[in-house]
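A.B. asks: The following comprises the amino acid sequence and a computationally predicted model.
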Amino acid sequence: MNIYVFFALIATLGTWLVTALGAATVVFFKSQNQKTLNIMLGFASGVMIAASFWSLLQPAIEKAEKTAGIPAYLVATIGFLSGAFFMWVSDKVVTFARKNTQSHTNDTTQRIIMLVLSITLHNIPEGLAVGVAFGALQGNSTTESLAGAISVAVGIGLQNFPEGAAVSVPMRREGYSRKKCFLIGQASGIVEPIAGITGALLVVYIEKLLPYALSFAAGAMILVAVHELIPECQQNKDVQPYIATTGIVLGFTAMMLLDVMLG
């Protein structure tokens with residue numbers, strides 16, 4: 001196995017592990033600590049927004065300038081919009097299926113299935129983002145690029161924790177056993193290692209796809225951060241108006257400092 005594909009596998013196994021840790025909170029709690037989740041989601045969104053540029057878009061533009069046959073800005077735009085569009089379509093499909101299910105049945109099991117499907121589907125481009133970031137190291141294995149790839153994995157891992165809890169805790173409230181809640185909750189992240197290896201293999205063995213893949217991952221991450229994480233972490237902002245905002249600023253700052261110090 002190519003060393004960078006192996007790194008992608010290890011990184012996405014790590015993000016899957018964080019999902020499992022989030023799902024494991026069902027052993028101790030029947031409800032989530034909203035304050036902790038808000039700052040964690042805010043921090044993750046800050047990291048993901050910063051990483052989308054420094055670790056994905058900027059390398060995509062630099063790579064496109066050297067290898068692409070069309071202007072670099074066009075490559076980055078196509079890839080970025082494709083990633084955002086993919087996430088938008090996946091969200092629409094899940095939303096439609098969820099509404100359709102709820103309109104035809106009140107079965108709790110069906111609602112749980114749709115929740116798991118929703119989070120699992122969203123984990124695919126997140127796994128791709130990690131895989132692409134590590135696969136890109138083959139042509140640019142500097143300390144800065146390695147730190148950028150790790151930052152992408154950390155940002156996605158952080159937001160996977162509440163996703164795991166978002167599956168297991170509602171199931172526990174419906175009366176499922178703690179064991180079943182944990183097993184199903186962690187299973188929602190199993191697609192990330194698969195998607196991570198796929199993304200890494202694509203950019204390792206088809207070099208021309210690299211700038212498109214990097215910008216695609218950036219578009220997917222931005223949409224997840226802006227459409228899902230930031231609104232979610234802003235819940236209860238009337239009571240604690242700056243908790244989530246502090247998390248966003250700290251996450252962005254951490255990624256920025258990492259890039260500047262290693263650049």
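C.D. replies: Everything's here; your move. Residues are numbered from 1 along each chain as shown.
A.B. asks: C-alpha from now on. contacts and neighbour counts both.
C.D. replies: Noted.
A.B. asks: Quick check, residue 198 in contact with residue 131.
C.D. replies: Yes - taking Cα atoms under 8 Å as the contact criterion, residue 198 and residue 131 are neighbours in contact, 7.1 Å apart.
A.B. asks: which of these two has more neighbours?
C.D. replies: For residue 198 versus residue 131, neighbours defined as other Cα atoms under 10 Å are more numerous around residue 131 (38 against 20).
A.B. asks: Show the model's pLDDT score for that one.
C.D. replies: The score at residue 131 is 90. That number is its pLDDT.
A.B. asks: How about the contacts made by it?
C.D. replies: Under the criterion of Cα atoms under 8 Å, 6 or more residues apart in numbering, the contact partners of residue 131 comprise 5, 8-9, 12, 195-200.
A.B. asks: For it, give its distance to residue 193.
C.D. replies: Here residue 131 is placed at a distance of 8 Å from residue 193 (Cα to Cα, to the nearest Å).
A.B. asks: who touches both of those two?
C.D. replies: Each of 8-9, 12 lies in contact with both residue 131 and residue 193 under the rule Cα under 8 Å, 6+ apart.
A.B. asks: among those, who's most crowded?
C.D. replies: Of all these, residue 8 has the most neighbours under the rule other Cα under 10 Å, reaching 33 neighbours.
A.B. asks: which element is it on?
C.D. replies: In this structure, residue 8 is located in helix 3-24 according to DSSP states H and E.
A.B. asks: what's in contact with that helix?
C.D. replies: The contact list for helix 3-24 (Cα under 8 Å, 6+ apart) reads 127, 130-131, 134-135, 137-138, 150, 153-154, 156-158, 160-169, 181-183, 185-190, 192-193, 196-197, 200-201, 204.
A.B. asks: hmm, 7 Å instead?
C.D. replies: Applying Cα atoms under 7 Å, 6 or more residues apart in numbering, the contact partners of helix 3-24 are 127, 130-131, 134-135, 137-138, 153, 156-157, 160-165, 168, 182, 185-186, 189-190, 192-193, 196-197, 200-201.
A.B. asks: which ones among the residues you listed are found in helices?
C.D. replies: Restricting the contacts of helix 3-24 to those inside helices, with DSSP state H as the criterion, leaves 127, 130-131, 134-135, 153, 156-157, 160-165, 168, 182, 185-186, 192-193, 196-197, 200-201.
A.B. asks: And the buried ones among the residues you listed, selectable in PyMOL?
C.D. replies: Typed into PyMOL, the line below selects the buried ones among these, using 16 or more other Cα atoms under 10 Å:
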select buried, resi 127+130+131+134+135+153+156+157+160+161+162+163+164+165+168+182+185+186+192+193+196+197+200+201
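A.B. asks: so what does the lengthiest helix in the chain touch, helix or strand wise?
C.D. replies: When every helix of the chain is counted residue by residue (DSSP H), the longest turns out to be helix 72-104. The contact analysis (3 or more Cα pairs under 7 Å, 6 or more residues apart in numbering; DSSP states H and E) places helix 72-104 against helix 58-67, helix 108-135, helix 210-223.
A.B. asks: which parts of that helix are buried?
C.D. replies: Under 16+ other Cα under 10 Å, the buried positions of helix 72-104 are 72, 75-77, 79-87, 91, 94, 98, 101.
A.B. asks: Ok, stretch 247-258 next?
C.D. replies: Buried residues in stretch 247-258 (16+ other Cα under 10 Å): 247-248, 250-256.
A.B. asks: and if you look at stretch 45-52?
C.D. replies: The neighbour-count criterion (16+ other Cα under 10 Å) identifies 45-52 as the buried residues of stretch 45-52.
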